[in-house]
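[1] Everything below, folded, please.
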Amino acid sequence: MRVDLFDFDLPAERIALRPASPRDSARMLVVDAAGMADRIVRDLGDILRPGDILVFNDTRVIPAQLEGRRGEARIGATLHKREGPRAWRAFVRNAKRLRDGDRVEFGAGVAAIAASRGDDGSILLEFEGDEPVELLLERAGRMPLPPYIAGKRPADERDRDDYQTMFAAEPGAVAAPTAALHFTPGLIASLAARGVDHVTLTLHVGAGTFLPVKAEDTDDHRMHAEYGRIDAATADRLNAARAAGGRVIAVGTTSLRLIESAAGEDGIIRPFDGDTAIFITPGYRFRGIDGLMTNFHLPKSTLFMLVSALIGRERMQAAYAHAIAEGYRFYSYGDASLLIP
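    This is a model prediction of the structure:
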C-alpha cells in the first residue's frame, strides 16, 4: 500500500511533553463495534469484561543515549539492540568520523570500540571493562526520550520515573512500551476485583521504532528486529483465557507484535524466544489478540499502519480526526485509545 495513505495533519500543540498525573487520569478514546466514546483510563473496569486478560510488556528502559568523543570529534550514540554481553548496535550521530577500531570515550570512565557497520547504518559498539554494561549506562547515559519530545526539552530526572511503566523489570529497551505508562497499582487492583486478569511478556523495544518510513510503498519498508520472549506459563494462561471465552487485550503495540509473532495459524499462542521483525499492515489477519490499548501514533508510521490493520484505515483516520478535534494528547506521554475490532 502507498505510505501516504496513512498520513494526517497533527498540530504541534497536540504532542504531550509530560504524562498525565495521576497516570490513570489520562483520556481514552474507545473505538469498538458501537462506534467511538470519550472515556478515561480509569474507566477500563467498566469497559472490559470478567475473564478478559491484559498483556503488558515488562521491558525496562535503559539510559541508552550517550555523548562522547573520538579525539576532537563529538560522537552521539543511541543504543538500539544488544548483540552480546558487552556489544550493542547503535545509531551514531557524526558516524562518518568513526572507523572500525576507533575508541569513543563517553565520560565517567565509560568507553567503547567501534567494531563494524550494519546494513541499516548502525555501528556495533563493544564496551570496555568488566562492569555490566547496564551499570556503565547508569553512570554515563541519558534516558532516550523520543525525538518529538527531546527536540522540545532535554531529558531530566523526572523522566527516569515517568518513562518507566509499573511493570518494568527486564532491562534492555531504548523506548518505553508507552501504553502501559497509564497503569497504576490501584487500577490493576480494581481490574482484578472486576475479574480482569493480566500477564507480562518481554519485548525489548529498539530505537528503530522512531525511524521514519522512507519508502513510498509499505512493501519496500524494512522493520528492525527486536528481541522478545513469552514463556510457556504465560502462553498457557493466554490460551486458557481465550478458551474460556475471555478476550486477549494487548497493552501496547509491542505486546501485540510479540503475541502475533508467537501465535500460529490456529490462533494458539506458543512460547517464543528470539527476534521478531513482524510488520503489520492492512490485510493482516490477527491470530492471537482480540483488542489493543495503545497511545496515538505518528503520521505515516508503522504503528499507525498497525492500528489501521486492526480497525480499518478509514475508521482510524476518523478516530484520529476526532481525537485531534477534541484535544487529545498524542504520542509517548499522551492519551490512550482502546481498540476492539
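
[2] hey, where'd the helices end up in the stretch 101-250 of the chain?
    Secondary structure of the stretch 101-250 of the chain by DSSP state H, counting those that start in this stretch: the helices cover 133-140, 147-150, 157-162, 185-194, 232-243.

[3] Any idea how far the shortest one is from the middle of the chain?
    Looking back up the chat, that one is helix 147-150. 15 Å (CA atoms, centre = their mean, to the nearest Å).

[4] How about the third one?
    Relative to the mean C-alpha coordinate of its chain, helix 157-162 is positioned 17 Å out (CA atoms, centre = their mean).

[5] Any buried residues in that helix, and which?
    Residues of helix 157-162 classed as buried: 159, 162 (neighbour count, 16 or more other CB atoms under 10 Å). To be clear about C-beta, it is placed using only N, CA and C from the backbone, and glycine gets the same treatment.

[6] quick one: residue 138 and residue 63, what's the gap?
    In this view, residue 138 and residue 63 are 6 Å apart by CB to CB, to the nearest Å.

[7] In terms of neighbours, single out the busier of those two.
    Between residue 138 and residue 63, residue 63 has the larger neighbour count (other CB atoms under 10 Å), namely 20 against 16.

[8] hey, what's in contact with both of residue 138 and residue 63?
    Shared contacts of residue 138 and residue 63 (CB atoms under 8 Å, 6 or more residues apart in numbering): none.

[9] tell me what the lowest-mean-pLDDT helix or strand in the chain is packed against?
    Ranked by mean pLDDT, DSSP states H and E, the weakest helix or strand in the chain is helix 147-150, scoring a mean of 89. Under the contact definition 3 or more CB pairs under 8 Å, 6 or more residues apart in numbering; DSSP states H and E, helix 147-150 sits against no other helix or strand.

[10] what kind of secondary structure is the closest residue to residue 257 other than its chain neighbours in?
    Once flanking residues are discounted, residue 257 sits nearest to residue 278: 5.2 Å by CB to CB, 6 or more residues apart in numbering. With DSSP: H, G, I helix; E, B strand; the rest coil as the basis, residue 278 sits in coil.

[11] So residue 278 sits against residue 261, correct?
    Yes: in terms of CB atoms under 8 Å, residue 278 counts as a neighbour of residue 261; the distance is 5.1 Å.

[12] what about the closest residue to residue 313 other than its chain neighbours, is that helix, strand or coil?
    Nearest non-adjacent residue to residue 313, counting by CB to CB, 6+ apart: residue 282, 5.7 Å away. Assigned by three-state DSSP, the conformation of residue 282 is coil.

[13] need the contact list for residue 282.
    Contacts for residue 282 (CB under 8 Å, 6+ apart) come out as 1, 305, 308, 309, 312, 313.

[14] re earlier: out of the helices of the stretch 101-250 of the chain, which is closest to residue 177?
    With CB to CB, the closest approach to residue 177 among the helices of the stretch 101-250 of the chain belongs to helix 157-162: 13.7 Å.

[15] Can I get that closest one as CSV, trimmed to CA atoms?
    Output of helix 157-162 as CSV, limited to C-alpha atoms (Å, rounded to 0.1, in the frame of the first residue of the first chain):
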residue,chain,number,x,y,z
GLU,A,157,15.3,13.4,36.5
ARG,A,158,11.5,13.2,36.2
ASP,A,159,11.8,11.2,33.0
ARG,A,160,13.7,8.4,34.9
ASP,A,161,10.4,7.6,36.6
ASP,A,162,7.9,9.0,34.1
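
[16] returning to what we had before: could I get the contacts of residue 282 as JSON lines with pLDDT?
    Compiled in JSON lines, the contacts of residue 282 are given as follows (pLDDT from 0 to 100):
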{"residue": "1", "pLDDT": "93"}
{"residue": "305", "pLDDT": "96"}
{"residue": "308", "pLDDT": "98"}
{"residue": "309", "pLDDT": "98"}
{"residue": "312", "pLDDT": "97"}
{"residue": "313", "pLDDT": "97"}
